[in-house]
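> Predicted model and sequence follow; I will ask about them next.
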Amino acid sequence: MTFRLDNLTVRHLAAAAATPPALHALDLLVEPGEQLALIGPSGAGKTTLLATLACAHRPASGRLAVFGQDPWSLPQAARHRLRARLFLAPQTPPLPPRQRVVTAVLAARLPQWSLWQALASLLRPSDPGAAHAALARFGLGDKLYARVDRLSGGERQRCGLARLLLSSAEALLVDEPISALDPSLARHTLAALQQEAAARKATLVCSLHQVEMARAHFPRLVGLRDGRIVFDAPREAVSDAMIAALYENEHVQPAPFHPHESPDRIAVGACF
Ligand SMILES: Nc1ncnc2c1ncn2[C@@H]1O[C@H](COP(=O)(O)OP(=O)(O)OP(=O)(O)O)[C@@H](O)[C@H]1O
């Protein structure tokens, strides 16, 4: 078992006491090598769930097992070793802006390196060939020596994913990997991620806003809403009605349209 959640509730430390938990009484089993997509509306808890699986949030109650171990009952050093078996790719990767792409990508190997290897790689990239190969898988081979702050949003996102290829993680936790990509790049990027996970027999949990991509590419879909699992099913069992119910949003009211407003006024209003 890669992940097992029993009645797991997670609260953000910064959230007001009266706020409902970000994740509420979740039960979830994820087997080694499984590929599943997390879908659900904004604020459903997808990012929180990925961070919880990555042992970045301590649950408020319930049980979490990662590779059969409760990370929060382990001594800190053992928890770090457990985390090194996971790779969390955030939606916006925290890449140092003035760093070269090659250095930023090779930093994925930090958990495998000694302090001296890490310092030496900062001065002279230790394995630029591996960084280039990883970048090339995401169509970024020509950016090896570019500065991170000169990349576009989509290029930064793919640079973050190239780091994943250099890690030795057994579970890949990926948060909205295609949110800044055009449709063709999005398909290519998802395929590269899924091929990598399959090749190393790693578990892949991926949050996506592109529901049709999730349905087309992932064998299992977990629908989250308001911090609860609404469905957890093979894609063939997920109907259009289930998707519509997941995203039904009674909180958003359509803005009133005033036909007497001139296009200029509408444009100015839209800017501010
Ligand atoms: N750092 C934080 N402190 C307090 N509350 C937070 C924090 N991060 C997220 N939340 C709250 O937790 C809930 C779940 O947020 P989360 O980011 O996990 O949702 P999400 O499904 O990933 O949303 P999106 O699709 O918009 O990225 C939301 O109500 C959000 O406001």
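Ah, there it is.
> Around the nearest residue to C55 once chain neighbours are set aside, count how many other residues there are.
Once flanking residues are discounted, C55 sits nearest to P71: 4.2 Å by CB to CB, 6 or more residues apart in numbering. C-beta: built from backbone N, CA, C; applies to glycine. Using other CB atoms under 10 Å, P71 is surrounded by 22 other residues.
> and what of D149?
For D149, using other CB under 10 Å, the count is 11.
> circling back: mind listing what the residue nearest to C55 touches?
By CB atoms under 8 Å, 6 or more residues apart in numbering, the contact set of P71 is 55, 64, 79, 82-83.
> does stretch 72-91 come close to the ligand?
No: on the criterion CB under 6 Å from any ligand atom, stretch 72-91 is out of touch with the ligand, staying 6.9 Å away.
> wait, I meant stretch 239-247
No: judged by CB under 6 Å from any ligand atom, stretch 239-247 makes no contact with the ligand; its nearest approach is 11.3 Å.
> Can you mark which positions in that stretch are buried?
By 16 or more other CB atoms under 10 Å, the buried positions in stretch 239-247 come out as 243, 246.
> sorry, back to before: what about the contacts of P71, which one has the most neighbours?
Going by other CB under 10 Å, L64 tops the contacts of P71 with 23 neighbours.
> now that residue, what's its secondary structure?
At L64 the chain is in strand, as set by DSSP: H, G, I helix; E, B strand; the rest coil.
> List the beta-bridge partners for it.
L5 (DSSP bridges).
> Just confirm it contacts S73, I think it does.
No: using CB atoms under 8 Å, L64 is not in contact with S73, being 9.8 Å away.
> Can you pull the poorly scored residue ranges out of the stretch 151-272 of the chain?
For the stretch 151-272 of the chain, the stretches with pLDDT under 70 are 250-272.
> related to what we said a few turns ago, distance-wise, check the residue nearest to C55 relative to L106.
Per CB to CB, to the nearest Å, P71 is found 26 Å from L106.
> Show the residue spans covered by the helices in the stretch 101-250 of the chain.
101-106, 115-123, 128-137, 153-166, 183-199, 211-217, 240-247 (DSSP state H, counting those that start in this stretch).
> Let me have those helices in JSON lines, extended by distance to F87.
Output for the helices of the stretch 101-250 of the chain, formatted as JSON lines (distance: least, CB to CB, whole Å):
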{"stretch": "helix 101-106", "distance to F87": "13"}
{"stretch": "helix 115-123", "distance to F87": "17"}
{"stretch": "helix 128-137", "distance to F87": "13"}
{"stretch": "helix 153-166", "distance to F87": "5"}
{"stretch": "helix 183-199", "distance to F87": "10"}
{"stretch": "helix 211-217", "distance to F87": "19"}
{"stretch": "helix 240-247", "distance to F87": "27"}
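> Would you tell me which residues of the protein are close to the ligand?
12, 14-15, 22, 40, 42-48.
> Identify the bridge partners of the residue nearest the centre of the chain.
Most central in the chain under CA atoms, centre = their mean is D175, positioned 1.6 Å from the mean C-alpha point. For D175, the beta-bridge partners are S207 (DSSP bridges).
> Give me the spatial nearest neighbour of V205, chain neighbours excluded.
Ranked by CB to CB, 6+ apart and with sequence neighbours excluded, the top spatial neighbour of V205 is L173, at 5.2 Å.
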